[in-house]
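1. Fold the following for me, if possible:
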Amino acid sequence: MKLSHKKILVGICGGIAAYKSADLVRKLKEQGADVRVVMSQSAKEFITPLTLQALSGYPVSDSLLDPSAEAAMGHIELARWADLIIIAPATANFIARLTAGMADELITTLCIATESPVAICPAMNQQMYRHVATQENLTTLKTRHVNIWGPASGSQACGEVGPGRMLEPLEITALAQNFFNDSQPQPLQGKKIMITAGPTREAIDPVRYLSNHSSGKMGYAIAHAAQALGANVTLVSGPVSLSTPDKVKRVDVNSAEDMLNAVMSDIDHQDIFIGCAAVADYKVEQVATDKIKKSAEHMQLRLARNPDILATVASLDNKPFTVGFAAETSNVIEYAQGKLERKNLDMIAANDVAIQGQGFNADNNALHVLWSGGQHNLPTATKTELARQLLQLIIERMDNDENSN
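-> As a prediction, the model looks like this:
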């Protein structure tokens, strides 16, 4: 487990995203971390200390002036105990108070009293996040070497849309893993990897499009893991509600043709290409310039084949090590084997998206990985863990290919 024996202190502030913190504690512990929790007074209005105690296995700390804790200088001991402090959610109020150096509550006091690294995960209304005061506070904290993880962008509890969503617990866990991995061996050091992720959108008219259920989570998990292993990562992403992995170059696209152009513009410099995106096979042949009005009882759309990005990359004279994905609902291995051979791929990772709880939109997945003359099953696990295992297989295959030449 990637966080074995790591001591992580999770601080929870008073925001609606506090409900995600319970899952964060659970996911950190699943990866082997020893987790303790501290809550602001307002956080207890959103989630109970008892819930966090049950998940972490420790009493929750919430008072700066707790006599029983202060007998042993409890707040100082917690600050010294942690290998990493993660504040999730970090509200605009907390960010302002930390920037000002206020130690009037346990959660800010710990951040000031510690010599350990601190990471904050902003979560607030999009207008609050964009406000000049919040942006200046975040800039100041960065200069003080506080790690800023997120926020993501998307729909918010207030009904507005924009930046300010707290990262998902799986993303924060991956960032924690990457943080500690900086001191680990980096077998992909110096390698350039391009990854496609998410769906594509094929326009019907100015307001409608064809797409699919891909969330982009698997591709983003691979980008996280590849960067942690030392790679220089370019992520070509369709429209998703995920934040860009730390130290990863992200190129946003919409259509399959957009994605192809983005890929081919830099593919000559890549050592590895991983086609994880769910690219639409077809596009509307004639996109309407105006919104199509509802009139006739039936409507027909004439579709044309989209370019095959994976096959295009694999056909290059000096192609990178090329890995494809096959999302199937039946005959998974048979179809994946055919795709591997037909498209001249070096490796393919197949998954059964008909199985409940894995594949599209899920946090877990299972992969059957095939290459010429071999295969390997990666059983159900988090996409973060599967990404690491898949990259390890890629490294092994590339080493074998180099040794055989």
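2. So which residues of the stretch 301-405 of the chain form helices?
-> Using DSSP state H, counting those that start in this stretch, the helices of the stretch 301-405 of the chain run over 309-314, 332-342, 383-404.
3. could I have the longest one exported to PDB, CA atoms only?
-> I take that to be helix 383-404. Output of helix 383-404 as PDB, limited to C-alpha atoms (Å, rounded to 0.1, in the frame of the first residue of the first chain):
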ATOM      1  CA  LYS A 383      -8.300   3.300 -10.500                       C
ATOM      2  CA  THR A 384      -5.300   4.900  -8.700                       C
ATOM      3  CA  GLU A 385      -3.900   1.500  -7.800                       C
ATOM      4  CA  LEU A 386      -4.700   0.100 -11.300                       C
ATOM      5  CA  ALA A 387      -2.900   3.000 -12.900                       C
ATOM      6  CA  ARG A 388       0.300   2.200 -11.000                       C
ATOM      7  CA  GLN A 389       0.100  -1.500 -11.800                       C
ATOM      8  CA  LEU A 390      -0.600  -0.800 -15.500                       C
ATOM      9  CA  LEU A 391       2.400   1.500 -15.700                       C
ATOM     10  CA  GLN A 392       4.600  -1.200 -14.100                       C
ATOM     11  CA  LEU A 393       3.500  -3.700 -16.800                       C
ATOM     12  CA  ILE A 394       4.400  -1.100 -19.500                       C
ATOM     13  CA  ILE A 395       7.800  -0.500 -17.900                       C
ATOM     14  CA  GLU A 396       8.500  -4.300 -17.900                       C
ATOM     15  CA  ARG A 397       7.400  -4.700 -21.500                       C
ATOM     16  CA  MET A 398       9.500  -1.800 -22.700                       C
ATOM     17  CA  ASP A 399      12.500  -3.300 -20.800                       C
ATOM     18  CA  ASN A 400      11.900  -6.700 -22.400                       C
ATOM     19  CA  ASP A 401      11.700  -5.100 -25.900                       C
ATOM     20  CA  GLU A 402      14.900  -3.200 -25.400                       C
ATOM     21  CA  ASN A 403      16.800  -6.300 -24.100                       C
ATOM     22  CA  SER A 404      15.600  -8.400 -27.000                       C
END
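4. can you give me how far it is from the chain middle?
-> Distance of helix 383-404 from its chain centroid, counting by C-alpha atoms, centre = their mean, to the nearest Å, is 20 Å.
5. Provide the contact partners of it at residue level.
-> 2, 170, 173-174, 177, 187-188, 217-218, 221-222, 224-226, 229, 272, 274, 321, 323, 346-347, 349, 363-367, 369, 371, 376, 378, 381 (C-beta atoms under 8 Å, 6 or more residues apart in numbering). In short, each C-beta sits where N, CA and C put it, glycine included.
6. now do the first one
-> In this structure, residues lying in contact with helix 309-314 by C-beta under 8 Å, 6+ apart are 196, 256, 259-260, 263-264, 267, 273, 275, 277, 279, 319-320, 322, 324, 342-346.
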